[in-house]
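>>> Sequence plus the predicted model coming up.
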Amino acid sequence: MQMMDISQGLEKQPVVLHSQRALTSFQYIRDNEPSASEIRLENSSGCTCSQSSSCQSGGCPCATPVVWTQQGVQVAISVRHGAKSWTGYSDNDVPAGSFVCQYAGEILTNAVASSRLEEYDRSPESAGHALLVVREQLPSRNAYLRLNIDATRKGNVARFFSHSCDGGNLDLHLVRRTGALLPHVAMIASQDITAGSELTFKYGDPFDGKVVNYG
Ligand SMILES: C[S@@+](CC[C@H](N)C(=O)[O-])C[C@H]1O[C@@H](n2cnc3c(N)ncnc32)[C@H](O)[C@@H]1O
């Protein structure tokens, strides 16, 4: 993993933890609308209010942070080979709003991410690469923090989830643990998913707006 200068752009522009929207993309997909996500705050202490069950599903009116990405993969997933090469399928029924897993991989600086994308573009063997670029909108709404997660070489099962133009059945949510700078990407069922369904999300598209870098 590369070392990053995480101070750049953050001192005067703190990241708001709730109700911000983020844009996501695999950069090599060039013609789709970006997905939108809510940023939530994960709290390792969890919810202690009387409505803790709804807190855990993200619907608690007390707005206590949810805990998602610390739970690990929550759904049994099969990876099968087909027309899209390797693709992930749910082995369980998954109710809408459930946390499925996080998108895990190497966190890269922008420079390393750009270099890897060039490498992937040159190499036919890495056509199925899995470098996800997530942009977190700053409170000013004029700039974004860019997070590069490359699951091509190291990651979890989420790197096998395919793109779907209609948005698929997974939404990406940015979540941040208490006190942490870098967010995690939580993959949440956007609809009821029946056992045997392919797990998909909308990859998004490249972005031309102003980006403030993590590193
Ligand atoms: C993140 S990887 C997904 C896993 C990949 N299928 C594999 O075998 O490693 C992204 C790649 O999967 C393929 N892919 C994803 N969604 C697709 C779709 N809807 N149609 C065709 N190929 C798709 C493309 O090759 C894409 O570059």
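Nice, I can see it.

>>> C-alpha only now, for contacts and for neighbours.
Noted.

>>> tell me which residues in stretch 92-112 are buried?
Using 16 or more other CA atoms under 10 Å as the test for burial, stretch 92-112 gives 94, 97-110.

>>> Ok, stretch 117-136 next?
Buried-residue list, stretch 117-136, by 16+ other CA under 10 Å: 117, 120, 129-136.

>>> from the buried residues of stretch 92-112, which has minimum pLDDT?
Least confident entry in the buried residues of stretch 92-112, by pLDDT: Asn110, with 85.

>>> Ramachandran coordinates for that residue?
phi -60, psi -40 (degrees, to the nearest 10).

>>> Check Tyr89 too.
phi -130, psi 140.

>>> just to revisit the earlier point, restrict the buried residues of stretch 117-136 to those near the ligand?
Applying CA under 6 Å from any ligand atom, the subset of those adjacent to the ligand comprises 129-130.

>>> Could you count how many residues lie near Ala113?
20 (other CA atoms under 10 Å).

>>> picking up where we left off before, which one among the buried residues of stretch 92-112 gets closest to the ligand?
Tyr103 (10.3 Å; CA to the nearest ligand atom).

>>> check contacts around that closest one.
Residues in contact with Tyr103, defined by CA atoms under 8 Å, 6 or more residues apart in numbering, are 149, 151, 155-156, 158-159, 184-187.

>>> Could you show which parts of this protein are in contact with the ligand?
84-87, 127-130, 159-164.

>>> so where's the chain shaky on pLDDT?
Judged by pLDDT under 70, the chain has its weakly predicted residues at 1-67, 124-127, 138-141, 178, 205-215.

>>> Show me what the lengthiest strand in it is packed up against.
Determined from DSSP state E, the single longest strand within the chain is strand 144-155. If you count contacts as 3 or more CA pairs under 8 Å, 6 or more residues apart in numbering; DSSP states H and E, strand 144-155 packs onto strand 105-108, helix 110-122, strand 131-137, strand 211-213.

>>> Could you name the helices and strands sitting against the longest one?
In this case it means helix 110-122. Looks like helix 110-122 contacts strand 144-155 (3+ CA pairs under 8 Å, 6+ apart).

>>> thinking again about what came up before, which residues are contacting the following helix or strand past the longest strand of the chain?
Downstream of strand 144-155, the next assigned helix or strand under DSSP states H and E is strand 162-163. Under the criterion CA under 8 Å, 6+ apart, residues 84, 87-88, 199-203 lie in contact with strand 162-163.

>>> ok, strand 162-163: who's next to it in the sheet?
strand 200-201 (parallel) (DSSP bridges).
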